[in-house]
Structures are given as C-alpha cells and as structure tokens.
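**Q** what's the 3D shape of this:
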Amino acid sequence: MAQAGSAHRGVGGQRSAGAASGCALWRWALALLWLPTAAADPSRRQWPVPYKRFSFRPEPDPYCQAKYTFCPTGSPIPVMKGDDVIEVFRLQAPVWEFKYGNLLGHLKIMHDAIGFKSTLTGKNYTMEWYELFQLGNCTFPHLRPEMNAPFWCNQGAACFFEGIDDIHWRENGTLVLVATISGVTF
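**A** Next up is the predicted model:
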C-alpha cells in the first residue's frame, strides 16, 4: 500500500505514468492560461500572420527571384466532350529526384501531380502545382532586417500541360489509376 506523500513513486523510486501524465496536464493548463495574456500584449509581433484572401494574384516582391521559368511547357486546359471518359491518375515522385535520387523519398518529401487520359482521343495531360520562386525559396522563410515577421516567397499556381511522362513517374515513383470521370465533370 502506498504511503501518503510518496508522490506516486514506483519500483526503484521512479515516478509512475499517472504522475507524469498529471504533470503534463498542468503544463497544458498553464500554457492555455498564458495564451490570452500573450495575445493581449500589442507590443508583440503577430505570428502567425492572419490569413488574407485575395481576389487577384498579388504582385510579387522584387526580393523573390526565380532561377527557372515557371511552367515552361504549359498549355491551355482542353475542353473534353461530354461523353468522353477521363481516367485520373495519381502521380508521385521524390522531390528533386533528378538531383538526389530517392534520398528525399525516404524522408517522404514528395512531389505530387494529377494525370488525365481521354479515352476518346487517347491524349494524356498532367496538372502539377508549382511554386513560382522555386522550392527552397517558398519552403523556408526569409528573415529580413527591415521586416517584423518572416517573409515568404510562396506564391504558386497550377501548371497544365499535354502528356504524362510515364517513364519518369513509373521508374521514380507512382503512376496509379485512381478514378474515372466524365468529360462533363472534367
């Protein structure tokens, strides 16, 4: 039988799991009490920056510079006939596999795309999301002395182009049929 004041000590004088979880609950409670106090202080920087919806693409900051052209082989999204059956493919490969092989794939850092195939025309299309200022530039914030908060070059857009690089996706990642949709839905 445990003695009063033993602080839930178990074998070898170690604290029991119940005491550890009780301590964790107190830490969470203190953190939750601290949050309104910290938020009320106007002298603190606001982080994260509140989400702001735009009805247009904002002008990029001149600080953000792209080394490569965005979507160099892009094409307009085709109009599909209503009676067409479109196969939809999941495309996935490790980020920068052309440079590092499967290294980033082992860390589950993947690039995803969607492939479409028209059964009427036999044509394939790929749609990918690309960052406008390259991956490293949009993944990590920039700390600029003239700004109060971290600065992001994280604008992106969908790039749609004709063709699916079957060999690339099969050999380096995934090319899997996931659905079929009608031309009207497309």
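**Q** so where do the helices sit in this structure?
**A** Along the chain, the segments classed as helices by DSSP state H run 17-40, 97-100, 103-106, 135-139, 166-172.
**Q** Which of those helices has the lowest mean pLDDT?
**A** In terms of average pLDDT, helix 17-40 trails the rest of those, at a mean of 61.
**Q** how close does the closest residue to Lys123 other than its chain neighbours sit to Gly74?
**A** Among residues not flanking Lys123 along the chain, Glu162 sits closest, at 6.6 Å (Cβ to Cβ, 6 or more residues apart in numbering). Placement of C-beta: from N, CA and C, glycine included. From Glu162 across to Gly74, the span is 9 Å (Cβ to Cβ, to the nearest Å).
**Q** what's the answer for Ile109, then?
**A** 24 Å.
**Q** Just give me the neighbour total for Phe89.
**A** By other Cβ atoms under 10 Å, the residues close to Phe89 number 21.
**Q** What pLDDT is listed against the closest residue to it other than its chain neighbours?
**A** Distances taken as Cβ to Cβ, 6+ apart put Gly115 closest to Phe89, at 3.5 Å, once the chain neighbours are dropped. As predicted, Gly115 sits at a pLDDT of 92.
**Q** mind listing what Gly115 touches?
**A** By Cβ atoms under 8 Å, 6 or more residues apart in numbering, the contact list for Gly115 reads Val88, Phe89, Arg90, Leu91, Asn124, Tyr125, Thr126, Met127, Ile164, Trp169, Leu175.
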